[in-house]
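Asker: Return a 3D structure for these sequence lines:
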Amino acid sequence: PRTFEDDVAALSGAGCAAVFAPGEATLYPHGRHITQVCVPDLGNLLCGEDRPGHFDGVTTVVSLLFHLVEPDVAVFGEKDYQQLQIIRRMVRDLHMPVAVHGHPIARDSDGLALSSRNQYLDAAQRERAPALYATLREAAAALRAGERDPAALEARGMAALRTAGFQPVYLRVLDPALGPPQLPGEVVIAAAARLGSTRLIDNIRVVV
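Answerer: Residues are numbered from 1 along each chain as shown. Prediction:
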């Protein structure tokens with residue numbers, strides 16, 4: 001969803017002095033058939049498996065914005081943890097002089113990660129939606145309690161999401177760089193699931 005007016009109002013309330021919101025002609029003066037920026041491997045797992053080519057579009061447009069704005073710092077929400085890691089890799093690999101920071105996930109009072117996509121949920125779906133975060137918390141609790149079989153944990157999590165009325169896309173236990181988990185150690189548990197036509201994502205990090 002495009003929420004430009006709401007975004008500008010929120011930025012103004014936070015003390016933002018200026019907004020750069022380039023249109024199609026500014027970003028793509030030569031059309032969309034342009035050089036693509038691709039981060040291999042990281043862009044092909046998790047959401048990349050479900051949405052082939054999605055992250056190529058993300059890295060290309062973020063690269064365009066970085067070159068137009070030349071920022072010193074860029075902040076991306078940690079809700080899309082994979083996207084954050086991909087942008088960090090792009091900046092590292094292409095020697096872009098930008099410090100990329102993650103912003104902690106903002107949640108509603110019932111735990112649902114805030115997202116403009118939440119407006120697509122009907123009343124019944126909105127009531128079920130917090131089960132996504134609850135499932136991640138249960139998986140984290142199992143790790144803290146001594147679970148050391150990521151595959152079994154992932155299978156239980158997927159089953160729990162189905163029971164809660166979701167169509168799960170994935171639930172994975174990975175290391176912070178999105179590689180195989182090293183247990184004991186720090187891991188990220190990431191999930192994507194659909195409620196009706198709305199695709200929700202969330203993650204939780206845990207040290208065991």
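Asker: any idea how far residue 203 is from the closest residue to residue 164 other than its chain neighbours?
Answerer: Excluding its sequence neighbours, the residue lying closest to residue 164 (CB to CB, 6 or more residues apart in numbering) is residue 131, at 3.8 Å. For the C-beta atoms, the positions are set from N, CA and C on the backbone; glycine is no exception. Using CB to CB, to the nearest Å, residue 131 is found at 15 Å from residue 203.
Asker: And for residue 178?
Answerer: Look at residue 178 and residue 203: by CB to CB, they are 11 Å apart.
Asker: ok, and the closest non-adjacent residue to the residue most central in space within the chain?
Answerer: The residue lying closest to the centre of the chain (CA atoms, centre = their mean) is residue 80, at 1.0 Å. Excluding the flanking residues, the one nearest residue 80 by CB to CB, 6+ apart is residue 201, at 6.2 Å.
Asker: On the pLDDT front, check the one you found for me.
Answerer: With respect to pLDDT, residue 201 scores 98.
Asker: Residue 1 now?
Answerer: Reported pLDDT for residue 1: 81.
Asker: Looking at the chain, which helix is longest?
Answerer: When the chain is parsed with DSSP state H, its longest helix is helix 54-69.
Asker: mind listing what's buried in whatever helix or strand comes next after it?
Answerer: For helix 54-69, the succeeding helix or strand toward the C-terminus, using DSSP states H and E, is strand 73-77. Judged by neighbour count (16 or more other CB atoms under 10 Å), strand 73-77 contains these buried residues: 74, 76-77.
Asker: where do the helices sit along the protein?
Answerer: Using DSSP H, helices in the chain cover 4-13, 24-27, 47-50, 54-69, 81-93, 123-128, 131-144, 150-163.
Asker: helices and strands around the longest helix of the chain, which ones?
Answerer: Applying 3 or more CB pairs under 8 Å, 6 or more residues apart in numbering; DSSP states H and E, we find helix 54-69 packed against helix 24-27, helix 47-50, helix 81-93.
Asker: Turn the ones you listed into TSV, including mean pLDDT and mean neighbour count.
Answerer: Formatted as TSV, these follow (pLDDT from 0 to 100; neighbours: other CB atoms under 10 Å):
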stretch	mean pLDDT	mean neighbour count
helix 24-27	93	10
helix 47-50	94	16
helix 81-93	98	20
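Asker: ok so, going back, report the contact partners of the residue nearest to residue 164.
Answerer: With contact set as CB atoms under 8 Å, 6 or more residues apart in numbering, residue 131 has these partners: 160-161, 164-166.
Asker: Can you give me the distance of it to residue 19?
Answerer: 35 Å.
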